[in-house]
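Enquirer: I would like to see how this sequence folds:
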Amino acid sequence: MSKRTVNLLLSSYPTSKNITVDFQIKMKNLLSKTDYDWSMLAEWLAIENRSVWIDHQGNTALTALLKCWSSDQDELLLEDIIKGMVRMGAQIHMRDRKGETALAIAARRGLRPAVTTLIASGASIHSTTLRGVSILKNARKSLSQAKRDGDDKLYARIWSCIVYLVDLKACEFPSERRERWAAWAPDSHFGWEGKGEKETTIHQALVEGGFL
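Expert: Numbers count the residues shown, from 1 in each chain. Below you'll find the predicted structure:
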């Protein structure tokens, strides 16, 4: 299509208000403040429901937050922040331009509180990137890089996330069927111990079907 044709086509649609937003820059500015607190971010996100926006870099506010979170900051704060963003409408299954979900980003960066909070909120542990790389494999790649860099602290944090994911039976090479099932029933990776007869039957069917 010619440039003129494209411009005519685009002119027929209203201009998106989030077209000039860069969530990563905004997050870095907010997190750099010494008096930073969640209310500052919540107030900014509340304007025109920015929690559900996607910026021109393909990031949501949630994915940008996890990408910009500094290792110098108290990662325990992430639990309340993520819960607050989810209450405001943030979509935990949204992917960035590489196909990474918020959980994938948190795992490879070793943000254990973010990983546990996202999973508790229903995030799928079986999602893959646009190249088919699983969350677990991506985290292990980052683990190897941390080892090569001699960053023991980051290594321990990522390892903690990997152990948690493995305990929940995350797959390094999830099938498309498993990924789709996880999207339909995001809590299917949790244990079924102590459940009733109906749940036991469902669990057996899932195992036999290759979902668990």
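Enquirer: what's the neighbour count on residue 10?
Expert: By other CB atoms under 10 Å, the residues close to residue 10 number 9. C-beta coordinates here come from the backbone N, C-alpha and C atoms, glycine included.
Enquirer: Could you check the pLDDT of it?
Expert: As predicted, residue 10 sits at a pLDDT of 78.
Enquirer: I'd assumed it was in a helix, is it?
Expert: Yes. Assessed with DSSP: H, G, I helix; E, B strand; the rest coil, residue 10 lies in a helix.
Enquirer: quick one: it and residue 4, what's the gap?
Expert: Plainly put, residue 10 is 11 Å away from residue 4 if you go by CB to CB, to the nearest Å.
Enquirer: next one: residue 126
Expert: 45 Å.
Enquirer: neighbour count winner among these two?
Expert: A count of neighbours by other CB under 10 Å puts residue 126 above the other of residue 126 and residue 4, at 25 against 8.
Enquirer: so how far is residue 174 from the more buried one?
Expert: Taking CB to CB, one finds residue 126 at 4 Å from residue 174.
Enquirer: try residue 6
Expert: 38 Å.
Enquirer: With residue 120 instead?
Expert: Relative to residue 174, and taking CB to CB, residue 120 is found at 20 Å.
Enquirer: Which of the two has more residues huddled nearby?
Expert: residue 174 (22 against 14).
Enquirer: Is that one located within a helix, as I assumed?
Expert: No. Counting by three-state DSSP, residue 174 is not part of a helix but coil.
Enquirer: Please tell me how far it sits from residue 134.
Expert: 5 Å.
Enquirer: Touching both of those two, which residues are there?
Expert: Shared contacts of residue 174 and residue 134, defined by CB atoms under 8 Å, 6 or more residues apart in numbering, comprise 126, 128.
Enquirer: Surely residue 139 forms part of a helix?
Expert: Yes. According to three-state DSSP, residue 139 belongs to a helix.
Enquirer: Quick check: it touching residue 163?
Expert: No. Using CB atoms under 8 Å as the test, residue 139 is too far from residue 163 to be in contact (10.3 Å).
Enquirer: For those two, indicate the residue with more neighbours.
Expert: residue 139 (26 against 11).
Enquirer: so who does the more buried one touch?
Expert: 107, 108, 158, 161, 162, 165.
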